[in-house]
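**Q** Next comes the sequence, and after it the predicted model I'd like to discuss.
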Amino acid sequence: MALNPTGPASARTPDPGGAPVQMLACGRDAALVWDHAEAGVLDEHERTCPHCRSTVSDRDSLGGLVGRMAAQPLRPPPNVLEQVMGAVVADLRPHDLLVLAPGASLSRPAAAAALRHIVDSMDGLRARSCRIEQERPAPDPAPDGTDATIALPLRVTVTVAARFGVDLASVTARVRQMMISAGERALGVPVARVDIHVVDVWDEREDR
Amino acid sequence: MSSPGSSAPPVRYHVADLAVARIAARRARAVPSVVGLRADLSQTLLGLAGTWLNPDPVPPDLRAEGVTVAVHGDRADVRVTVVTELGPNCRELALTVQGEVARAVREATGLDATVQVTIADIELP
Amino acid sequence: MHATTDTARADAPPGSAAPASAPAPPAAPATRAVLDETTLVVRAQEGDVHAFEELARRHQDALFRVAVRVLGNRADAEDALQEALLDAWKKIGAFRGEAAFSTWMYRIVTNRCTALLRRSRPTVPVSEIGDDALASPGSHSPERAAEMDAEMAALSRAVARLPEEQRTCWVLRELEGLGYAEIAEITGAGETAVRGRIHRARTALAEGMREWR
């Protein structure tokens, strides 16, 4: 994402629409004259008219100083983000758990991140969404919670973005297979179903 | 409470929640593939401005890091939140932690522990 | 998002699809790729804290700059940033992508700044600018540096005297370099109102600095 720390002169639309803000005696809008001065697109009238020139000179006298203010480095101390992440990490919502066994559960976002990682590690693929649903327990559970032999199966829906030129059919077939095996080996939960949706493609060159 | 021995005068003692929590935390942390324990929300929020997301914080003395314990008579309800890494089987790990913590609590205190294990995160390579 | 190609859609009976001889996970060629913002947003919306952290890391400097300039001191700005990031985590599920993510984050931080100003207005005059925060390091001539710092401090004070709505718009435009339409989206004011506020701020600052020169 392009932020604009470099200051005000970049990427301006010189003439926004809308009502005039402050009419000068010459009939021009002072706000527009200011914008034109900033963008370096003053017209003949604006360069010569004394009313416009007064606005332009205000802008010129302020411009350098404001530019320096914009360029001053201002960074938050690292502990702000650290504290935020501490709270975020601990914000494990109770309903966001997969059941591994009686009394044992796994954070659903953590499981999703692990499965996304599998996609990410494949050349030319990148996981976006990864939704995991777990089958509900049977209404008539095994007595005494001893049904601990296997966890209830998962249904996984992933969306991926692929690099141009990637053979989608074969790659997604591999993703599917790896998710099933990772689910069983790394998570310890059977994966009953994997749906893969390719939602976007990207070009390596524009991907910096 | 416990009364060891059959004819000796009964020795009564109470194991505090915090003590059980420390025992549980120590044992859980020692299980291979457990990368760490994770404090729950109300702990992390101490020091953060305002109460966020948790209107009913549990008193801090009731838990060691990542572990919540409530002792009722000769039983202890233990909740452990752990972080692991990608690779080992999460379900097996959770069951191991469950068993090891229950055993450690029983051995150290005589309490019958019910252990709930949550894997909060899987560290990726 | 582009065409949805429903590529591999299959039901596998549990247990049958993963033989014990499943291959080891692939050696990741590039372990953590630099992810695009859409991907990070989607992941964060699904509760991926690492994706959220990366988003927060990318945007926090801009949010902090705005907060410092609007609030006038670093301490309050740190509070505003912290609250804004927590807000973002709580609300990210509602982000629909109708605006740029940065626009959405700017809106959250400016709302937090407004709330902080309302809370503290009676006791903390905003004009007490924390110039310490803004000291410029390493100038050649100490006198010239002092003079420039004094001029900058004068501008900071003039900015602090602006009405809050003007100040916010002015900061977004002149210091962050945003366009009128985006500022309108951030502040919820109409574009004409935004242009008016910015112009009034500009003339007030020009006036304020004229006497300084």
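**A** Cool, got the structure. Just so you know, these numbers come straight off a predicted model, no measurement behind them.

**Q** Is chain A within reach of the one helix or strand B:Glu107 maps to?
**A** Taking DSSP states H and E as the definition, one finds B:Glu107 inside helix B:90-109. Yes: judged by CB under 8 Å from any CB of the partner chain, helix B:90-109 comes into contact with chain A at B:90-95, B:98. C-beta here means a position set from N, CA and C on the backbone, and glycine is covered the same way.

**Q** Show the average pLDDT along that helix.
**A** The pLDDT scores in helix B:90-109 average 96.

**Q** List just the nearest of the residues of helix B:90-109 next to chain A to chain A.
**A** Using CB to the nearest CB, B:Arg91 comes nearest to chain A of the residues of helix B:90-109 next to chain A, at 2.6 Å.

**Q** isn't the closest one right up against A:Pro102?
**A** No: taking contacts as CB atoms under 8 Å, B:Arg91 lies outside contact range of A:Pro102: 11.4 Å.

**Q** Quick one: buried ones out of the residues of helix B:90-109 next to chain A?
**A** For those, a neighbour count by 16 or more other CB atoms under 10 Å in any protein chain shown gives the buried set as B:90-91, B:93-95, B:98.

**Q** Kindly report the residues of chain A close to chain B.
**A** Residues of chain A found near chain B (CB under 8 Å from any CB) are A:83, A:86-87, A:89-92, A:97, A:100-101, A:103-107, A:110-111, A:113-114, A:117, A:148, A:151, A:185-189.

**Q** Which residue ranges of chain C form strands?
**A** C:5-11 (DSSP state E).

**Q** From C:Tyr106, how far off is the residue nearest the centre of it?
**A** Most central in chain C under CA atoms, centre = their mean is C:Leu63, positioned 2.7 Å from the mean C-alpha point. Per CB to CB, to the nearest Å, C:Leu63 is found 7 Å from C:Tyr106.

**Q** Am I right that B:Val117 falls within a helix?
**A** No: counting by DSSP: H, G, I helix; E, B strand; the rest coil, B:Val117 falls outside a helix, being strand.

**Q** check contacts around it.
**A** For B:Val117, the contacting residues are A:103-105, B:28, B:79-82, B:94-95, B:97-98, B:101, by CB atoms under 8 Å, 6 or more residues apart in numbering or on different chains.

**Q** how about 7 Å then?
**A** The contact partners of B:Val117, by CB atoms under 7 Å, 6 or more residues apart in numbering or on different chains, come to A:103-104, B:80, B:82, B:94, B:97-98.

**Q** cool, C:Glu207 as well?
**A** Not one residue lies near C:Glu207 by CB under 7 Å, 6+ apart.

**Q** Give me the pLDDT value at A:Ser57.
**A** pLDDT, read off for A:Ser57, is 92.

**Q** Packing partners of the helix or strand hosting it?
**A** Using DSSP H and E, A:Ser57 sits in helix A:50-71. If you count contacts as 3 or more CB pairs under 7 Å, 6 or more residues apart in numbering or on different chains; DSSP states H and E, helix A:50-71 packs onto helix A:30-39, helix A:44-48, helix C:142-161, helix C:191-210.

**Q** Can you say which of those helices is packed in most?
**A** The highest average neighbour count among these, using mean count of other CB atoms under 10 Å in any protein chain shown, belongs to helix A:30-39 at a mean of 22.

**Q** and that one, does that touch chain C?
**A** Yes: using CB under 7 Å from any CB of the partner chain, helix A:30-39 comes into contact with chain C via A:30-31, A:34.

**Q** Other residues contacting whichever helix or strand B:Val82 is part of?
**A** B:Val82 is part of strand B:75-85 when elements are defined by DSSP H and E. For strand B:75-85, the surrounding residues in contact (CB under 7 Å, 6+ apart) are B:20, B:24, B:28, B:33-38, B:40, B:66-70, B:90, B:93, B:97, B:101, B:105, B:111-123.
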